[in-house]
Every structure is written in C-alpha cells, then in structure tokens.
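# How does the following fold in three dimensions:
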Amino acid sequence: MEALSIEPPRTGPRSMTTSTMTSVFDYEASLRRMGQDRQLFREMIALLQEDGPRRLGEVARGLAERSAPQIRHAAHSLKGLTANFSAARAVGAAARLEHLAREEHWTEIEPAVAELDEALSELITSLEPYTDHSSHPGS
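Sure thing, here's the model as predicted:
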C-alpha cells in the first residue's frame, strides 16, 4: 500500500519557499505532533474548520452575556485546537483571551476577541490547500 503524500503548497500567500513553516503555522511540527499521520493532519484541519467557528460563536455569546467562564472555556478550546498546527499567532491570541477572561478585564476582551477571530480565519485559510477537497500538487 502506497502512503499518501501531502506536500506543502509551493506557492501561496505568506508561504516561505525554502521551508515548510509558513508565517501562520508550521507544517512539519504539525506532522510531528500527529505522529507523521497525514490523514490525521487532514482530519484535524476538518475539526478546526468545524469547531473553530463554533467556539468563536461561544466567545461571542459569552461576550454578549458578560460570561467570563464561557469566554475562558471557548478560548482554552481554541488554544488547543490551534496548537495542533503550531500556529503561534492564533495560539497566542487564544491564550491572551483566556487570560483576560480569567481576570475579567472586560475593556481588553473585545479587542482580543477580534484578534483571535482574525488569527483563526488566517489559519483556516492557510490550511485550506491541505484539505481533502483542495487540488494542490502532491495530493
């Protein structure tokens, strides 16, 4: 049985040509974290695409209800999801929001939510070429 090969796209926004690390996530570190299992990598992308926006919705509801525990829990989940991809910006934004919610720094939470939303969108977009339904070289 021949192993599936998922190679990083050779071109694309913000990708570095000589490395498998983009400015958004680290492909090789992600694969190492997932035991070099490329199918698991694709499944984790699908989970992020599904669960990420849902968790952001929980953050938005928590913000509307001024529920720091709800925001903290959703931010913690997003931190874990994005850490699977060594996505420094998204992980940092989620960690910051988690901390702000824990401390109930309401004046800083809304801008932190916007940063996390942007970082998560950027990550999901950057991972799109690696999904099952993309058509990139090496799939």
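# and the residue most central in space within the chain, what is it in contact with?
In the chain, the residue lying closest to the centroid (CA atoms, centre = their mean) is residue 82, at 3.4 Å. Residue 82 makes contact with 48, 52, 90-91, 94, 119-120, 123 under the criterion CB atoms under 8 Å, 6 or more residues apart in numbering. Where C-beta positions appear, they are placed from N, C-alpha and C, glycine not excepted.
# try 7 Å
Neighbouring residues of residue 82 by CB atoms under 7 Å, 6 or more residues apart in numbering: 90-91, 94, 120, 123.
# ok, now residue 26?
Residue 26 makes contacts with residue 86, as judged by CB under 7 Å, 6+ apart.
# from what I can see residue 123 touches residue 24, true?
Yes. Residue 123 is within contact range of residue 24, at 5.6 Å (criterion: CB atoms under 7 Å).
# okay, and the common contacts of the two?
residue 87.
# Between the two, which is the more surrounded one?
residue 123 (25 against 21; other CB atoms under 10 Å).
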